[in-house]
Every structure is written in structure tokens, then in C-alpha cells.
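> this is a predicted model, with the sequence first.
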Amino acid sequence: KPLRQNQLKVSVVRGNDDETVAAAVVYELIARSDEQHDGTTVVVAPEFYPDDFVRYMDLVQYIEDDVMEEHDLHGLVQIAPFHPKFAFAGSGDGIDNYTNRSPYPMFHILRENEVGLAVDKLGGDASKVWQRNVDLLEGMDKKFGRDDVKKIMKGESLDGLKEMLRDLRGYSEKS
């Protein structure tokens, strides 16, 4: 929806220097915290430790704990982390990890008030979006297998994928 409404900004920051990447993310957090800037921003950092999820999350944690606090950004914006090796604590090799996997390390910046409105539309249950995504991934894993899910997540097309997604969209349009 943000893309259709011209409310999606994508910013690319090159290199793996913590300060450079942090500065790009913080700049976008501050810009997005302004009420005049509806929508969402994705900061893509292709070289920022794509093979080291822990190092990536160290920066996310630093920004959330220190920088956002310093700039009074809590309650205005949030970061949703996406990474090629994303893993929820305790999930092991679970398919749920793929809900936050992406081809490159990314920092998805969302306005809290817009997240709140979306959650309200779900009856106040934010977990419904995550569960819908997990259900989709479980269906893909069952139909295609884990190796093909990995290919799909890298943007490769598979026979039967379009039909599966079309069927799901048809289902969700009726719900």
C-alpha cells in the first residue's frame, strides 16, 4: 500500500562501517518521526555484515537503546530488522525466521501511529500479521520444500508459486 500511495522511501547505504550505517538509519528515523512524513522507509545496507546476523543486530540494538532514547524517538518510530540470516531467539531453523529474512540487511522504519492504526484494523492483535506470514511460509515449505523456500526468498520464481499466491489472495479478499 505505501508503494501505491507514494509513501515508501528506499535508501541505500554502502559499506560496513558502523557509524556510516547508523548515521543513515538515524537520519531516516528522525525524518520519519516528523508528522508531515507519513509512510515508511527502508534503509538497505547490502555490505553491512550480510553473513553476520549478530553483528547486524548489535547495531540495531545500539540504535534502539541509545540513539533513539537520546533523540526522544521512542513512541514515534520503530525499526523492524530484516537480514539474510535472521533468526528469532530459540527458533533454531524454524520457518518463522523467514518472516524477517531479506536478500540484504535492511532497517524498516515505521511510524508508531501508523502501526497502531494497522493493529486497530486487526482488532488490536498485531500477531495476526506475523501469524499470517508464518502460515504462508509453512504452506510454501510443505508444498515446495525448504530449499525451494530459500530460492523463493532470494527472488527466484518456481512453478506453482503464482497459483498458490493467487489462491491465498482470493482467500484473503473474501475474508
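Everything's here; your move.

> could you list the low-pLDDT ranges of the protein?
Within the chain, the ranges that satisfy pLDDT under 70 run 1-7, 169-175.

> for it, just list every one of the strands.
8-12, 40-44, 77-82, 106-111 (DSSP state E).

> out of those, which gets nearest to residue 152?
Among these, the nearest to residue 152 by C-beta to C-beta is strand 77-82 (15.5 Å). Just so you know, the C-beta spots here come from the backbone N, C-alpha and C atoms, and that holds for glycine as well.

> for that closest one, list every residue counted as buried.
Under the neighbour-count criterion of 16 or more other C-beta atoms under 10 Å, strand 77-82 has 77, 78, 79, 81, 82 buried.

> pull up the pairing partners for it, direction included.
strand 106-111 (antiparallel) (DSSP bridges).

> chain center to the strand it pairs with, what's the gap?
Taking the mean of its C-alpha atoms, strand 106-111 sits 7 Å from the chain's own mean (C-alpha atoms, centre = their mean, to the nearest Å).

> elements contacting the lengthiest helix in the chain?
Identified as the longest helix of the chain according to DSSP state H is helix 127-144. When contacts are defined as 3 or more C-beta pairs under 8 Å, 6 or more residues apart in numbering; DSSP states H and E, helix 127-144 sits against helix 146-153, helix 161-174.

> sorry, back to before: export the strands of the chain to CSV and tack on distance to residue 23?
Below are the strands of the chain laid out as CSV (distance: least, C-beta to C-beta, whole Å):
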stretch, distance to residue 23
strand 8-12, 11
strand 40-44, 10
strand 77-82, 14
strand 106-111, 12
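
> residues contacting residue 143?
Neighbouring residues of residue 143 by C-beta atoms under 8 Å, 6 or more residues apart in numbering: 160, 164.

> ugh, typo on my part, it should be residue 134
Here residue 134 is in contact with 95, 96, 99 (criterion: C-beta under 8 Å, 6+ apart).

> so who does the closest residue to residue 102 other than its chain neighbours touch?
Leaving aside its sequence neighbours, residue 102 sits nearest to residue 82 (C-beta to C-beta, 6 or more residues apart in numbering; 3.9 Å). For residue 82, the contact set (C-beta under 8 Å, 6+ apart) comprises 100, 101, 102, 105, 106, 107, 108.

> next, count neighbours for the third one.
Other residues lying near residue 102 total 18 when counted by other C-beta atoms under 10 Å.

> wait, doesn't it sit right on residue 80?
No - in this structure, residue 102 is not within contact of residue 80 by C-beta atoms under 8 Å, at 10.5 Å.

> look up how far residue 144 lies from the residue nearest to residue 102.
21 Å (C-beta to C-beta, to the nearest Å).

> ok, residue 41 next?
Residue 41 is 32 Å from residue 144, by C-beta to C-beta.

> which one's more surrounded, these two?
More neighbours surround residue 41 than the other of residue 41 and residue 144, with 23 against 18 (other C-beta under 10 Å).
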